[in-house]
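Novice: coordinates only, sequence not included:
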C-alpha cells in the first residue's frame, strides 16, 4: 500500500556506453514521502520478497534514491 508506482523491466541495449549494462533487470518505484518509503522497507511482504529474490540475484542490488522537486 505504500508504493505509488512500480515499473519492472529488463535492460535493453540502446547503444549508449554510459548505460548500466551490468544490471539485467530494473525496478523503479515511487513513494508519497520518506515515511512511506521507510514503512515499505519494514513491510512483511517486502521482507518476504527480498528473502525469496535473493536466490535469483547474481549479487547485491544497487539503489539510486532521489526526491522529486
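Specialist: Sure, I can see it. Because the structure is a prediction, the values reported are computed rather than measured.

Novice: helices of this structure, start to end?
Specialist: Assignment of helices within the chain using DSSP state H yields the ranges 34-42, 44-53.

Novice: same list (those) but as TSV, adding distance to residue 25.
Specialist: Bear in mind the C-beta positions are built from the backbone N, C-alpha and C, glycine included. TSV is the format used below for the helices of the chain (distance: least, Cβ to Cβ, whole Å):
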stretch	distance to residue 25
helix 34-42	19
helix 44-53	10
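
Novice: of these, which approaches residue 10 most closely?
Specialist: Taking Cβ to Cβ as the criterion, helix 44-53 is the member of the helices of the chain that comes nearest to residue 10, at 15.1 Å.

Novice: middle-most residue in this structure, spatially?
Specialist: Against the mean C-alpha coordinate of the chain, by Cα atoms, centre = their mean, the closest residue is residue 27 at 3.8 Å.

Novice: looking at this structure, which residue lies furthest from center?
Specialist: In the chain, the residue that sits farthest from the middle, by Cα atoms, centre = their mean, is residue 15; the gap is 23.1 Å.

Novice: quick one, what contacts that residue?
Specialist: With contact taken as Cβ atoms under 8 Å, 6 or more residues apart in numbering, residue 15 is in contact with no other residue.
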